[in-house]
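In: following is a predicted model, sequence given first.
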Amino acid sequence: MKWLDLPLAKKVQGTIRLPGSKSISNRILLLAALAQGTTQIHDLLASDDTGHMLDALAQLGVMVTQTEKNNYRICGINGTFPVTDADLFLGNAGTAFRPLVAVLSLMHGHYRLSGVPRMHERPIADLVDALRQLGSNINYLGNPGFPPLEIKPFSPHIIGDTHAVRVKGNVSSQFLTALLMALPLSGKKSIIEVTGTLISQPYIELTLAQMQHFGVLVEHTNWRQFVIPTQQKYRSPGHLSVEGDASSASYFLAAGAIGNGPVKVEGVGCNSVQGDVRFAAALEQMGAKISMGENWIEASSGNKDVNGKFLHAIDLDCNHIPDAAMTLAVIALFADGVTMLRNIASWRLKETDRLAAMSTELRKLGASVEEGADYLRITPPIHGLTPHATIDTYDDHRMAMCFSLACLGAPVRINDPQCVAKTFPDYFERLSQLVHPEIK
Ligand SMILES: O=C(O)C1=C[C@@H](OP(=O)(O)O)[C@@H](O)[C@H](O)C1
Ligand SMILES: C=C(OP(=O)(O)O)C(=O)O
């Protein structure tokens with residue numbers, strides 16, 4: 001489908017069972033593959049990003065069995081992949097590409113890793129530089145600093161019993177995640193020092209929590225220095241269930257807050273390990289009514305102000321919720337004033353340059369947008385959203401999902417809606433179960 005026309009919607013109400021978290025799914029797939037023992041995974045996300053991880057693991061010789069629609073059995077390889085020569089295509093999945101580079105670079109095989117053209121524009125030098133300190137043998141096959149990559153057998157630089165490595169934290173937290181997940185394979189004590197400011201920190205907490213499920217404990221000092229004690233091995237916990245995706249929850253919660261609601265999402269709640277649950281707090285700050293249980297969150301509109309607006313503008317540092325912050329940018333169209341979203345420079349390096357894309361598309365709906373190096377300042381249109389805007393999505397699932405919310409203010413056309421397959425293939429079907437077009 002080349003585009004999807006969404007009619008103006010007025011009533012938004014209902015309950016959605018969320019698909020599994022992308023970030024948890026890809027982490028536990030890799031850890032289950034590396035572990036000793038067999039892991040049964042329940043509620044895995046079915047999407048392009050997890051499909052790439054599953055295919056790569058199968059190519060590397062891991063026994064992967066789908067036991068039910070979203071359930072898998074993974075037979076762990078206890079530290080060494082059986083296949084020592086492979087070409088892996090990983091699409092645009094950062095959560096597959098970066099950890100696999102780190103893990104494979106500590107093994108004794110020949111591997112080539114590539115992705116879609118955009119993946120070849122997403123930087124990886126900070127991770128490669130860190131791995132080279134250990135003796136990894138990685139070459140750039142295209143532009144220096146970017147995928148595709150060739151990995152040759154590991155020849156350790158460090159003869160002693162401690163690996164010490166420095167990694168930059170200010171471009172993507174996925175580089176630190178990749179090192180953390182890979183280094184226990186060495187069996188040595190590892191010390192990782194983060195240089196520069198660590199961005200997207202909740203994703204590191206998520207990494208440590210998943211490693212802990214597989215029996216590896218990491219100590220850290222103020223998120224600057226991480227120590228993996230010697231002789232820790234990944235061991236299967238037997239069974240694991242994947243939480244619902246907190247970033248995917250943001251679109252439905254936003255719909256509830258803009259369009260009366262209530263909208264309830266199930267699968268994620270106050271006990272979640274995902275940083276993006278804190279999107280709910282931002283929404284509450286904007287005036288939405290939020291309630292939460294252990295495994296659910298519900299959002300509905302608060303009280304209208306004198307101008308008939310439910311939602312207040314906010315000024316927020318969004319570094320801790322880089323993905324869900326995109327949803328806030330579209331909610332800003334419905335707020336009573338100027339919204340500032342700060343500290344989001346990493347947006348430029350994701351599925352597209354999200355700062356540029358977001359500014360361009362918000363303007364099509366009538367907003368005035370100031371695009372800074374690391375912020376967006378969004379002034380909503382005074383007289384409602386411009387109807388019948390055609391929104392480009394830049395092969396970015398989150399652009400498509402965020403801008404679907406515009407239909408709560410005006411009819412809108414979403415180009416190339418199928419890009420949601422990266423993390424949420426049936427997003428639009430699920431949305432249509434909640435959002436009811438205005439009946440004339
Ligand atoms: O580790 C992860 O699962 C992720 C980390 C974040 O990336 P950055 O660390 O590059 O901000 C986030 O945007 C991405 O969707 C998933
Ligand atoms: C940045 C994202 O993906 P990736 O895991 O490919 O970095 C995202 O899902 O918003």
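Out: Good, I have the coordinates. Quick caveat, the model's predicted, so the values are computed rather than measured. Ligands and ions are numbered 1, 2, ... in the order given.
In: so what's the residue count around the residue of the stretch 301-440 of the chain at minimum distance from ligand 2?
Out: For the stretch 301-440 of the chain, the residue closest to ligand 2 is residue 350, as judged by Cβ to the nearest ligand atom, at 3.9 Å. Any C-beta I mention is one placed from the backbone N, CA and C, and that applies to glycine too. For residue 350, the count of nearby residues is 20 (other Cβ atoms under 10 Å).
In: try residue 407
Out: Per other Cβ under 10 Å, the neighbour tally for residue 407 reads 27.
In: same check, this time on residue 353
Out: Around residue 353 there are 17 residues (other Cβ under 10 Å).
In: nearest residue to it other than its sequence neighbours?
Out: Of all residues not flanking residue 353 in the chain, residue 347 sits nearest, at 7.3 Å (Cβ to Cβ, 6 or more residues apart in numbering).
In: tell me the phi and psi of that neighbour?
Out: Dihedral pair for residue 347: phi -60, psi -30, per degrees, to the nearest 10.
In: check the one 10 residues further on too.
Out: Backbone dihedrals for residue 357, given as degrees, to the nearest 10, come out at phi -60, psi -40.
In: isn't it up against residue 398?
Out: No. Counting by Cβ atoms under 8 Å, residue 398 is not a contact partner of residue 357; they are 9.6 Å apart.
In: of these two, which one has the most company?
Out: Each of residue 357 and residue 398 has its neighbours counted (other Cβ under 10 Å); residue 398 has more, 31 against 23.
In: which of the three states applies to the more buried one?
Out: helix (DSSP: H, G, I helix; E, B strand; the rest coil).
In: quick check: which element contains the residue nearest to it when sequence neighbours are not counted?
Out: Nearest non-adjacent residue to residue 398, counting by Cβ to Cβ, 6+ apart: residue 326, 5.0 Å away. According to DSSP states H and E, residue 326 maps onto helix 325-331.
In: which elements pack onto the following helix or strand past that helix?
Out: Of the helices and strands lying after helix 325-331 in sequence (DSSP H and E), the nearest is strand 339-342. For strand 339-342, the packing partners by 3 or more Cβ pairs under 8 Å, 6 or more residues apart in numbering; DSSP states H and E come out as strand 315-317, helix 325-331, strand 376-379.
In: most packed of these?
Out: Most buried of those by mean neighbour count (mean count of other Cβ atoms under 10 Å) is helix 325-331; its value is a mean of 27.
In: what comes into contact with it?
Out: Residues from elsewhere that reach helix 325-331, judged by Cβ atoms under 8 Å, 6 or more residues apart in numbering: 250-251, 254, 257-258, 279, 282-283, 286, 311, 314, 316, 318, 339, 341, 344, 347, 354, 358, 362, 376, 378, 398-399, 401-403, 405-406.
In: ok, and what's touching the helix or strand hosting residue 138?
Out: Using DSSP H and E, the element containing residue 138 is strand 137-140. The contact list for strand 137-140 (Cβ under 8 Å, 6+ apart) reads 101, 105, 128, 131-132, 146, 148-155.
In: what mean pLDDT does it get?
Out: Strand 137-140 comes out with an average pLDDT of 98.
In: buried residues in it?
Out: residue 138 (16 or more other Cβ atoms under 10 Å).
In: could you point out which element follows it?
Out: Using DSSP H and E, the helix or strand that follows strand 137-140 towards the C-terminus is strand 149-152.
In: quick one: end-to-end length of stretch 260-275, please.
Out: 25 Å (Cα to Cα, to the nearest Å).
In: which parts of it are buried?
Out: Of the residues in stretch 260-275, 260-269, 272-275 count as buried by neighbour count, 16+ other Cβ under 10 Å.
In: that stretch vs ligand 1: in contact?
Out: No. Interface with ligand 1: stretch 260-275 contributes nothing (Cβ under 6 Å from any ligand atom), its closest point being 8.8 Å away.
In: could you see whether ligand 2 lies near that stretch?
Out: No. Using Cβ under 6 Å from any ligand atom, stretch 260-275 stays clear of ligand 2, with a minimum separation of 12.3 Å.
In: run the chain-centre distance for that stretch.
Out: Stretch 260-275 sits 16 Å away from the centroid of its parent chain (Cα atoms, centre = their mean, to the nearest Å).
In: now stretch 71-81
Out: Using Cα atoms, centre = their mean, the offset of stretch 71-81 from its chain centre is 23 Å.
In: tell me which residues of it come out buried.
Out: Neighbour count says stretch 71-81 has 71, 72, 74, 75, 76, 77, 79, 81 buried, by 16+ other Cβ under 10 Å.
In: end-to-end on that stretch?
Out: 22 Å.
In: need the helix or strand of the chain with the lowest average pLDDT.
Out: Least confident helix or strand, the chain: strand 435-437 with a mean of 79, by mean pLDDT, DSSP states H and E.
In: who in the protein is up against ligand 2?
Out: Near ligand 2, when you scan the chain using Cβ under 6 Å from any ligand atom, you find 92, 93, 94, 95, 323, 350, 398, 423.
In: repeat the analysis, applying 8 Å as the threshold.
Out: 22-23, 26, 49, 92-97, 122, 172, 174, 247, 322-323, 326, 350-351, 396-398, 422-423 (Cβ under 8 Å from any ligand atom).
In: and whichever residue of the stretch 201-350 of the chain sits closest to ligand 1, how many neighbours?
Out: Nearest residue of the stretch 201-350 of the chain to ligand 1: residue 203, at 3.8 Å (Cβ to the nearest ligand atom). By the measure other Cβ under 10 Å, the count of residues near residue 203 is 23.
In: whether stretch 102-119 contacts ligand 1 - can you check?
Out: No. Stretch 102-119 stays clear of ligand 1 (Cβ under 8 Å from any ligand atom), getting no nearer than 12.6 Å.
In: buried stuff in that stretch?
Out: Going by neighbour count (16+ other Cβ under 10 Å), the buried part of stretch 102-119 is 102-107, 109, 111-116, 119.
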